[in-house]
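Peer 1: What follows is a predicted structure for the sequence shown.
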Amino acid sequence: MSSYVKKFIESNPDANLIPVCPEVLGGLPVPRPPVKRRKGKVYETCSEKENRKNVTGKEVTDAFISGAELTLEIAKSKQCTKAILCKWSPSCGETGITTKLLQEHGIEVVNSF
C-alpha cells in the first residue's frame, strides 16, 4: 500500500474504498501481456523489456475502453468524488484511458503506487 493511500485512510477514516481494476473489468487476464499505446490505440507488445517499443501483438483498445466505462459506472453508482489510481498503468496513469474518463466526469484523480 502506498504512503499516499495510508495517509488518505488515516485522515479519512470514514471513506469507503472500492478496489477496481479497469483492465480486468475490460476482460484482460492477470497477468496480461505488456501493452503499448500508439495513435490512440492499445496493442500488446513483447514481454522482453528491450523490445517493448515494438508493437507485436493484437489490439486491445476495446478492452481498455470497456474497463474505463465500467469503472466510471461503479464510481457513479458509489458517488465517488476521488480515485486513487496506479501511475504506471496504461489505464490509470496520468494520460490513461480510465484517468481521462473519470476526470471528464468530475472525479478527481490522484496517481499513486
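Peer 2: Structure's in. What do you need? Residues are numbered from 1 along each chain as shown.
Peer 1: Tell me, how many residues neighbour Gly26?
Peer 2: For Gly26, the count of nearby residues is 23 (other C-beta atoms under 10 Å). To be clear about C-beta, it is placed using only N, CA and C from the backbone, and glycine gets the same treatment.
Peer 1: The one 3 residues further on too?
Peer 2: Summarising burial for Pro29: neighbours were counted as other C-beta under 10 Å, giving 8.
Peer 1: do Pro22 as well
Peer 2: Pro22 has 30 neighbours, counted by other C-beta under 10 Å.
Peer 1: need the contact list for the closest residue in space to it that isn't next to it in sequence.
Peer 2: Spatial nearest neighbour of Pro22, chain neighbours left out: Gly67 (3.5 Å); criterion: C-beta to C-beta, 6 or more residues apart in numbering. Residues in contact with Gly67, defined by C-beta atoms under 8 Å, 6 or more residues apart in numbering, are 21-28, 91, 97-98.
Peer 1: Walking through the chain, point out its strands one by one.
Peer 2: Taking DSSP state E, the strands of the chain run over residues 35-38, 41-45, 55-59, 82-86, 108-112.
Peer 1: what about those, which gets the closest to Ala75?
Peer 2: Ala75 sits nearest to strand 82-86 of all the strands of the chain, at 6.6 Å, using C-beta to C-beta.
Peer 1: just the angle between the closest one and strand 108-112, please?
Peer 2: Per axes from the mean of the first three to the mean of the last three C-alpha atoms, to 10 degrees, the angle that strand 82-86 makes with strand 108-112 is 30 degrees.
Peer 1: please begin residue numbering at 28 from this point
Peer 2: Renumbered: residue one is now 28, and that last one reads strand 109-113.
Peer 1: Pairing partners for strand 109-113, with directions?
Peer 2: strand 135-139 (parallel) (DSSP bridges).
Peer 1: got a list of contacts for the strand it pairs with?
Peer 2: In contact with strand 135-139 (C-beta under 8 Å, 6+ apart) are residues 29, 31-32, 108-114, 119-121, 126, 129-130.
Peer 1: For the residue lying closest to Thr98 once chain neighbours are set aside, which residues are in contact?
Peer 2: Setting aside the residues directly before and after it, Thr98 is nearest to Pro49 in space (C-beta to C-beta, 6+ apart), at 4.6 Å. For Pro49, the contacting residues are 91, 94-95, 97-98, 118-119, 124-125, by C-beta under 8 Å, 6+ apart.
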